[in-house]
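Undergrad: Have a look at this prediction, sequence included:
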Amino acid sequence: MVRLHLHLLSDSTGETLENIAKAALAQYDDVETVRHFWPMVRTEAHLDRICQEIAQNPGLVIFTLVNPQTRRALEARCHALGLPMVAPLDPVNDALSGLLGQQAKARPGRQHVLDAAYFARVDAIQFTIAHDDGIAWEEWEEADIVLAGVSRSSKTPTSIYLANRGYKTANIPVVVESPPPPLLYQLKHPLVVGLTTSADRLIQIRRNRLLSLNQTPETDYVNGEAVAREIAFARRMFADNGWPVIDVTRRSIEETAAAIISLCNERRGGAAHPRD
């Protein structure tokens with residue numbers, strides 16, 4: 001097991017930096033990573049305090065600092081300490097600068113401005129929370145996406161993730177004994193997507209859920225034959241209505257959402273969502 005100190009420095013929220021580091025680290029096994037997260041680094045005084053910590057725990061330094069003075073100070077300290085450092089946005093900014101014929105604005109956090117797109121995402125999150133699990137189905141026509149699937153098929157977390165990407169998302173559980181509102185079959189604006197999974201995986205998730213609630217795990221909710229019938233019923237519903245279907249058995253929430261967004265883009269002829 002290799003132990004790595006990873007220092008992440010950002011002059012904004014650091015969300016972009018964390019995602020880059022997470023994606024890169026996922027490619028390596030047997031690594032114990034000690035993350036030192038330093039957001040909102042905008043003064044040399046703050047940087048001086050951070051560099052003391054870096055000197056005590058040497059490792060890889062990854063940064064997104066747009067202020068030239070702060071950046072030069074960090075680079076000088078890393079050189080003095082003999083530490084490797086990476087500015088992952090540099091190649092992208094260099095390519096854009098060459099193509100656009102202009103220099104990047106050295107303003108931290110420009111992607112987080114309170115513009116129309118920001119408030120649209122907030123609106124999408126509010127809508128999605130208010131339309132979880134079949135609630136307020138009368139307003140589904142206002143949604144961008146409606147997810148349908150049996151219980152514990154990742155509908156809610158996928159909906160929340162899509163909302164954070166700016167998509168108003170509603171979801172409805174598919175229950176054999178309780179058909180969904182007829183409106184579901186009449187929707188024109190939203191993209192309706194069916195989520196399915198394997199019976200074994202679904203039983204495992206449901207059983208763990210019941211145990212976490214101190215409930216008996218011996219019910220039709222986790223019975224093999226009952227679950228198989230439930231999944232078959234949902235798949236027939238999806239096929240009968242011509243809805244696209246995504247199998248979430250081996251997909252993360254992010255991968256499922258990416259597939260749904262791709263379907264949305266195909267539906268619009270490749271155009272990006274206006275809130276992206």
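TA: Looks like it arrived, so ask away.
Undergrad: Poorly predicted segments of the protein, please.
TA: 104-115, 269-276 (pLDDT under 70).
Undergrad: residue ranges of the helices in it, please?
TA: With DSSP state H as the criterion, the chain has helices at 15-25, 44-56, 68-81, 90-100, 116-130, 155-164, 199-212, 224-241, 253-267.
Undergrad: out of those, deepest packed?
TA: When these are scored by mean count of other Cβ atoms under 10 Å, the highest mean neighbour count falls to helix 155-164 (a mean of 22). Quick note: C-beta positions are derived from backbone N, CA and C, even for glycine.
Undergrad: quick one on the thing from earlier: using CSV, lay out the helices of the chain together with distance to residue 142.
TA: As requested, those are exported to CSV (distance: least, Cβ to Cβ, whole Å):
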stretch, distance to residue 142
helix 15-25, 28
helix 44-56, 44
helix 68-81, 44
helix 90-100, 35
helix 116-130, 7
helix 155-164, 13
helix 199-212, 30
helix 224-241, 20
helix 253-267, 15
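Undergrad: Out of those, flag the one nearest residue 178.
TA: helix 224-241 (11.5 Å; Cβ to Cβ).
Undergrad: between that closest one and helix 199-212, how big is the angle?
TA: If you take axes from the mean of the first three to the mean of the last three Cα atoms, to 10 degrees, helix 224-241 sits at 120 degrees to helix 199-212.
Undergrad: can you count the residues close to residue 142?
TA: 13 (other Cβ atoms under 10 Å).
Undergrad: Check whether it really touches residue 127, as I assumed.
TA: Yes. Between residue 142 and residue 127 a contact is recorded at 7.1 Å, counting by Cβ atoms under 8 Å.
Undergrad: so what sits against both of those two?
TA: Overlap of the contact sets of residue 142 and residue 127 (by Cβ atoms under 8 Å, 6 or more residues apart in numbering) consists of residue 168.
Undergrad: wait, which of the helices of the chain is closest to residue 136?
TA: Going by Cβ to Cβ, the one of the helices of the chain nearest residue 136 is helix 116-130, 5.9 Å.
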